[in-house]
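Novice: could you work out the structure for the sequence below:
(2 chains)
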Amino acid sequence: MLVNIIETHELCYSYTAQKNEIKNLSLQVPKGSVFGFLGSNGSGKTTTIKLLLGLLKSSSGQIEIFKDDIKHHKLKILDRTGSLIESPSLYNHLNALDHLKLVARYKGKAYTNSKLEEFLEIVNLHREKMKKTSAFSMGMKQRLGVAMALIGNPELLILDEPINGLDPVGIIEMRNLIKKLNSQLGVTVFISSHILSEIEKTCTHLGVIRSGEILYQGTLADFKNISQQNIPVEFEISETEKAIALVEKRGFSAKISDTNTLLINFNNKEHISSVIDALRQENLHIYQIINRKDMESLFIELTQQ
Amino acid sequence: MKTVILFWNALLNEILKTKNAYLFVISLAVAFFIPAIYFVHYIIDYERVIPKPGVNPWGKFFFSQFSMTPLLYSLFVIVVTSYLVQMEHKSSALKMIFAMPMPKWALYFSKQVVILCVVFVTYLIFFGLILCSGYLLSAINAEYAFHLYKPDFKLMSKVFLSSFATVFGVIALQYWISFKIKNFLIPLGIGLIMVIIGIIIFRSSRFAPFFLYGYNISNLTAINPANPNTFEWLSSFSVYSLWYFLVIGIVGYFNVSKSAVK
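Specialist: Here you go, the predicted model:
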C-alpha cells in the first residue's frame, strides 16, 4: 500500500472574505512519487504550496506531512522538506556558495564548503560557486534555487513552477535533475506547473486544480486512460469525401477538419484499427493518424468544464 | 542551549547578508562626516579655536561635534533599518526564510541585533575619530593642546551610551514598518517626517517625552557638560526609548509572525 507523504483534508483558504481561493482541497501525494500539480494561472497552486509550507494559515481543514500536522510540528516538517517557491529568493550581492551557507545555517547543518559544493555539483553550478548571483542567468538561478532546496537532504522537495523562465536547454536540465533526484536519491518531488507537457514528461502522479478545487488526482497513466468514451482521431487521407461516407456507414461520426484531413470520433480505441482496415480495403491512402485525445485536450476538457 | 545555537545561526546569516553590501561604506561615511568637518574647521579657523592656557580643549571639541549628531544619526538609523529589511523584500526572501526550520523569533530579532550592532559600531568609530582627530591636530600644531589634557572618558561614555540608547525605540518601530511595507521609500519617508517633527517638538516638555523620534535631540538637552552628573548613565529619554524598544519589538514580532507570507 502506498504511503502518502502529503495529505490534506478539506483544506480551505481565502485571501479575502469575498472569495475562497482554496475550496475543500483533499490531496494525497504518495511517497516516492514525482507529483505534478497542474493548473492554469491563478488556479491556486502557489497558495496550496504556501499552505503546505506553513506560510499561510488555512481557514479550515488539515495538512499532514510525514503524518504530522503542520500546525503542531511545523519546524519538524520543514526540517525534512526542501522548497522553491515561485522564483528563487536570491541576494544579488552574494555568491552561490553564500546562498548555500545561508540555507545550511537556517537548517542547522554545519556543512563544510566542500560539502556545500557537492550540492552545486548536483545542479552543475560548481564552477560558478564564487560568482555573484546578479550575474546568473535565469536558468542558473533556478538551478541554484533547487540546490538550496536540496540542503539537508530533504525527503520531500516542493518546487513551484521550477521551469518558469528557462530556455529549452534549461528545461531539459531541470527535467533530468528532478528525475535523478527522485530515482537516485529517493526524494518525493511535488512540482506545480501550468505546462502540461512538462508534467507529462516528468511526473508519475498528477493532481489537476481549477479555481482552488481538485478535479483529478491519481497516476499519470490513469489520467491518460480516462474519458475513453470520446477519442477524436485525425486521419490525413487521400479522398476525404469517399472516406467520410465509408466511416459514417460504419456508424462513426466524422467531419472534414482540414484539406485531406478527417476527424473521426471513436468511443472505444478498439474501433480505430477496424476503420483503418476498412479505408485500406477501399484503397484509400492514409498518410498520417493523430490521436487528438492527448493530455492537453483532456486537461482543457477538465479545467474548462 | 539549542535556542542559543538557533539564534546564533540566524545572527551569522544576517551578518553574511551584509557582505558586499554598501552598508559599511555608509557607516564609515557617516562616522567620518562630522569629525572630518571639524578637523578642517580647526585647521582653517586655527586662531579662533586655540584654547586659552589652562583650558582642557576636549570638552568643547567633543560636545560641539556631538551636538551635530541628532539629525545625521537619526536619519542614518532609519536608512540602515530600511536598507537591511529592503534586502529581504528585494530578493523576495521572506517566503524562503519563513519556510526554513527556524523559529520566527530568531529570524525577526537576529536582523534587529545586526542593525543595533551596525549603529553601535558607527557611534564607536565616530567617537574614536573624535579622539584621533584631536591628537592629530595637536601633532600638527601643539597649540591645540589636546595632548596636554585627558578627555573626560566617563562623560564621553555616558553621552555615547545615552545617545545610542535613544535610537533603540526608533529602530524597533522603523524595523516593524519596513517589514510590513515592501516599498523602500515609504518607511524612509515616514522616518524622515518623524525625525523632522521630533526636531520641532523636542523643546516641548509636554510632548517630547512621548515622541521617540525626538529622543536623540532631547537627550542632548538633558546632558549638561557643566554639570555632568545630571544622570548616571542613561537619561530619562534613553530609558523611555528602551521601553519603547521592548514594547514595539514584542508587538512587532507577534504581528509579523501572525501575518501571512504572500
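
Novice: what about residue B:136, neighbour count?
Specialist: 15 (other C-beta atoms under 10 Å in any protein chain shown). Placement of C-beta: from N, CA and C, glycine included.

Novice: on the three-state scheme, it is what?
Specialist: Taking DSSP: H, G, I helix; E, B strand; the rest coil as the rule, one finds residue B:136 in the helix state.

Novice: what about it, distance to chain A?
Specialist: Separation of residue B:136 from chain A (C-beta to the nearest C-beta, to the nearest Å): 34 Å.

Novice: hmm, that residue is touching residue B:38, no?
Specialist: No: Residue B:136 is not in contact with residue B:38 according to C-beta atoms under 8 Å; the separation is 11.4 Å.

Novice: for the stretch 151-262 of chain B, which residues are neighbours of chain A?
Specialist: B:260-262 (C-beta under 8 Å from any C-beta of the partner chain).

Novice: go again with 7 Å.
Specialist: Within the stretch 151-262 of chain B, the positions near chain A by C-beta under 7 Å from any C-beta of the partner chain are B:260-261.

Novice: residue of the stretch 151-262 of chain B nearest chain A, please.
Specialist: Nearest to chain A, among the residues of the stretch 151-262 of chain B, is residue B:261, at 4.1 Å (C-beta to the nearest C-beta).

Novice: secondary structure class for residue A:64?
Specialist: Residue A:64 falls in the strand class when you classify it by three-state DSSP.

Novice: wait, it touches residue A:7, no?
Specialist: Yes: in this structure, residue A:64 is within contact of residue A:7 by C-beta atoms under 7 Å, at 4.5 Å.

Novice: tell me the secondary structure for the residue nearest to residue B:89 when sequence neighbours are not counted?
Specialist: Residue nearest to residue B:89 in three dimensions, not counting chain neighbours: residue B:182, with 4.5 Å by C-beta to C-beta, 6 or more residues apart in numbering or on different chains. Recorded secondary structure, residue B:182: coil (three-state DSSP).

Novice: separation between residue B:182 and residue A:83?
Specialist: For residue B:182, the distance to residue A:83 equals 21 Å [C-beta to C-beta, to the nearest Å].

Novice: neighbour count for these two, which is higher?
Specialist: Neighbours of residue B:182 and residue A:83, each counted by other C-beta under 10 Å, are more numerous for residue A:83; the result is 24 against 15.

Novice: and that one, how close does it get to residue B:218?
Specialist: Taking C-beta to C-beta as the measure, residue A:83 falls 47 Å from residue B:218.

Novice: next up, the contacts around the closest residue to chain B within the stretch 201-305 of chain A.
Specialist: At 15.7 Å from chain B, residue A:212 is the closest residue in the stretch 201-305 of chain A, using C-beta to the nearest C-beta. Residue A:212 makes contacts with A:20-23, A:25, A:44, as judged by C-beta atoms under 7 Å, 6 or more residues apart in numbering or on different chains.

Novice: quick one: low-confidence ranges for the stretch 151-300 of chain A?
Specialist: Across the stretch 151-300 of chain A, the ranges flagged by pLDDT under 70 are A:227-229, A:293-297.
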